[in-house]
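Undergrad: The following comprises the amino acid sequence and a computationally predicted model.
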Amino acid sequence: MARALPPRGFEAEDTQKRLQWLEDKTGVRLDGVGVDEPLDFQGIIENHIGSVNLPLAVAGPLVLDGSYARGEYYIPLCTLEATLSMSMSRGLYLTSLSGGIKTRHLKQEISRSPIFIFNDIEDGPEFKRWLQENFELIREAAESSTNYGKLLRIDPYLIQNSVILDFVYSTAEAAGQNMVTIATREACILIKEEYGRVKKFQYYIESNFNCDKNPATKTILLGRGHQVIASTLIEARYLKRVLRADAAHYVRGWRQCSRGSQMAGVVGMNMHVSNALAAIYLATGQDVACVSENALGSMDFEVRNGEDLYASLTMPSLTVGTVGGGTRLKQQRKNLELLGCTGEDSSKKLAEIICGAALGLELSLGASILMNEFAQAHDRYRKNTVLEGQS
């Protein structure tokens, strides 16, 4: 039977063994992609002076039954934190033994939220009515700037003598922050031209109501980017074998961690989904600053069948894409190919893979804390000498 987990070791030949192992598993060879040229960075970075070398790891297997992602995946990770790739692999291997992780893609919506300022409070309701009557005209203007973005709706929010307009879009395979900014600018220009004949007002293209790169309760409730849910049912025998835990103990311990989160005022209910997000975002060319708004996952555990563990994770915000930005860089593009995330609906597929990977990582960390292995694991894997000969 083929080995499920990546070969270990820190020697050069161990890296080559892992590359060959990964190619045997997926048919994709990750090394030899070449170096990006300075011209390749246009539209990504200004004042370019070089590149930073970040190590690339792989975790898996992630077995998914999703709306768009179905099959076995091996996750590319860029990280400087010892234990992260090992811990994710442990959690994903555990879920694969019990049949894998189920994911469902709920929606993809991202917005830009300009604010319009009038002279009096009575102007807001009148403006709102005008918007409803002229939505098709506004949508035509917004979509004139993009081949793929679609304006789904405009949600108005009245506050004093101002009106915040949340322009909500679908952005196909792009994460879409720049796309919706430019589209909303075109819409605002039309509104200024048309409604400006009726009323005098001032507007700003952004009010920060959409919570771009900010953790917010609004994002938990309404979502931003891709919204995905994931779950897995882990049989007691595998829970004991891989994590050395039982379901009842796990749920009791998680309840205590949740109380700590509530007392501290944590936004979201998870231990560290941000670790999974940042590592995958760097590896696949995403906007890493979006981790601040995307790490709002809600994690929960239940005892099922008297002894099995049911784990579920809701990710209301995953602002990821498979085209544009850093996704066109050579290594990042190859990593997306490794995940099969190219072409139609590939951004939805990527979002499901990320949610599944985050669930696996949460499972493993939870067990390490409950079994009092958290500190020992970090102490062990941060020392290169301890790992010699463990391949």
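TA: Nice, thanks for sending it over.

Undergrad: For the residue nearest to the spatial centre of the chain, name its beta-bridge partners.
TA: Nearest residue to the geometric centre of the chain (Cα atoms, centre = their mean): L318, 3.8 Å. The residues listed as beta-bridge partners of L318 by DSSP bridges are G225, H226.

Undergrad: I'd say it and L296 touch.
TA: No - L318 is beyond contact range of L296, at 9.9 Å (criterion: Cβ atoms under 8 Å). Where C-beta positions appear, they are placed from N, C-alpha and C, glycine not excepted.

Undergrad: buried sites along the helix or strand hosting E13?
TA: Take DSSP states H and E as the rule and E13 turns out to sit in helix 12-26. Buried residues in helix 12-26, defined by neighbour count with 16 or more other Cβ atoms under 10 Å: K17, R18, L19, W21, L22, K25, T26.

Undergrad: Now flag whichever of those is closest to L84.
TA: Out of those, the one with the shortest distance to L84 is R18. That distance is 15.7 Å, counting by Cβ to Cβ.

Undergrad: show me the contacts for that closest one.
TA: R18 is in contact with P6, P7, V58, counting by Cβ atoms under 8 Å, 6 or more residues apart in numbering.

Undergrad: ok, 6 Å please
TA: With Cβ atoms under 6 Å, 6 or more residues apart in numbering as the criterion, the residues that contact R18 are P6, P7.

Undergrad: Beyond the helix holding E13, next helix or strand please.
TA: Moving toward the C-terminus from helix 12-26, the first helix or strand encountered (DSSP H and E) is strand 56-65.

Undergrad: Now the biggest helix by length in the chain: average pLDDT?
TA: Counting by DSSP state H, the longest helix found in the chain is helix 346-370. Per-region confidence: helix 346-370 scores 95 on mean pLDDT.

Undergrad: Which other helices and strands does it contact?
TA: Using 3 or more Cβ pairs under 6 Å, 6 or more residues apart in numbering; DSSP states H and E as the contact criterion, the elements in contact with helix 346-370 are strand 56-65, helix 84-97, strand 101-112, strand 224-234, helix 273-284, strand 308-318.

Undergrad: Please tabulate these in JSON lines, including the columns mean pLDDT and distance to L336.
TA: Compiled in JSON lines, these are given as follows (pLDDT from 0 to 100; distance: least, Cβ to Cβ, whole Å):
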{"stretch": "strand 56-65", "mean pLDDT": "96", "distance to L336": "13"}
{"stretch": "helix 84-97", "mean pLDDT": "95", "distance to L336": "18"}
{"stretch": "strand 101-112", "mean pLDDT": "98", "distance to L336": "17"}
{"stretch": "strand 224-234", "mean pLDDT": "98", "distance to L336": "15"}
{"stretch": "helix 273-284", "mean pLDDT": "98", "distance to L336": "6"}
{"stretch": "strand 308-318", "mean pLDDT": "98", "distance to L336": "15"}
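
Undergrad: So which of these is nearest F41?
TA: Within the helices and strands packed on helix 346-370, the stretch nearest F41 is helix 273-284; the backing value is 15.7 Å (Cβ to Cβ).

Undergrad: Would you mark the buried spots in that closest one?
TA: Of the residues in helix 273-284, those buried (16+ other Cβ under 10 Å) are V273, S274, N275, A276, L277, A278, A279, I280, Y281, L282, A283, T284.
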